[in-house]
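The sequence and its predicted three-dimensional model are supplied below.
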Amino acid sequence: MLKSARYERKTLTEVAQQELRQAITGGTFRPGSQLPTEAELCEMLGVSRTVVREALRVLEDDGLVARRYGVGTFVRNHPILKNLNFNFGITEMIELAGLKPGTSHLAVEQENADQEKAEQLRVALETPLVTVERVRTAHGRPVVSSLDTLSESLIQRAALDPRLLLSESIYNLLQTSLGEVIEYGTARLLPVAAPPHIAEKLKLPPNALTLFITQTDYTSGDEPLVYSREYHLPDAFDFVVWRRGPTRLRGSSNDGAQ
């Protein structure tokens, strides 16, 4: 059951959407099912209809629900949802889908910065780096092969035990070990045929198509900390992007778009 949102030290909207999110990911509201009406949610959460609507809007932006106007709001039949408007780790992404995250392969390698990595991490060529290679699973199924590269000096400062990466995200370890918080990331998405070693790890046929994401993560001071390359199993994910606009041109009429 949902609990009232009026007794938390957060905004009512934050608590309402948190309660609904937990009810969805925890299985109270199953994939494909219809949520209670807005009036019923207002009563269950102890908030106004405005708060409920804003909470549902947030969940819709995150790809957890679909709102069918005049019909109701439905829990999406979710493959793993990756909302590209928000920067969170693969572990969190899998957990939000209500699946158990795991790691079927882990390797930590030392290397020297080539041109690409030097540019992304803003270090000199040949700077010592550490690359963490992992194959992430959802309920035991391989879904992502990732390569996360950091400077060796950062790893040494963190006194990072690589074994922790079997169950922890790099984001969490950076924050808990160094107090380094990832503020934002810039990403590029490309359809790419999986290289043979990646296809093998993801249990794909040769030359199978994957969604390849490269991303550089930055601190609030615009310092790059992590350069990632991820091969995503395309049929395991539902990628969501929130797009604004288009902006109305000056002097245009109030008529709808043609």
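Sure thing, it's come through.

How about the secondary structure of P142?
Here P142 is recorded as strand under DSSP: H, G, I helix; E, B strand; the rest coil.

Contact partners for it?
By Cβ atoms under 8 Å, 6 or more residues apart in numbering, the residues touching P142 are S104, V135, R136, K201, L202, K203, L233. No exception for glycine: its C-beta is placed from N, CA and C like everyone else's.

could you redo the last one with a cut-off of 10 Å?
102-105, 135-136, 200-204, 233, 236 (Cβ atoms under 10 Å, 6 or more residues apart in numbering).

Could you do E183 as well?
N87, D217, Y218, T219, S220, G221, D222, E223, L225.

Does the third one touch L174 like I think?
In this case it means Y218. No - between Y218 and L174 there is no contact under Cβ atoms under 10 Å: 12.0 Å.

in stretch 195-210, what's buried?
Going by neighbour count (16 or more other Cβ atoms under 10 Å), the buried part of stretch 195-210 is I198, A199, K201, L202, L204, T210.

tell me which of the residues you listed is nearest to V52?
Of all those, V52 sits closest to T210, with 38.6 Å by Cβ to Cβ.

now that closest one: how far from A194?
5 Å (Cβ to Cβ, to the nearest Å).

Alpha carbons only: can I get the host helix or strand of A118 in PDB?
In the assignment (DSSP states H and E), A118 maps to helix 115-121. Taking C-alpha atoms only, helix 115-121 is exported to PDB below (Å, rounded to 0.1, in the frame of the first residue of the first chain):
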ATOM      1  CA  GLN A 115      45.100  10.100 -28.100                       C
ATOM      2  CA  GLU A 116      41.400   9.300 -27.600                       C
ATOM      3  CA  LYS A 117      41.600   8.700 -23.800                       C
ATOM      4  CA  ALA A 118      44.000  11.600 -23.300                       C
ATOM      5  CA  GLU A 119      41.600  14.000 -24.900                       C
ATOM      6  CA  GLN A 120      38.600  12.700 -23.000                       C
ATOM      7  CA  LEU A 121      40.200  12.700 -19.600                       C
END
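
Could you list the buried residues of it?
Buried-residue list, helix 115-121, by 16+ other Cβ under 10 Å: K117, A118, Q120, L121.

Good, we can wrap up now.
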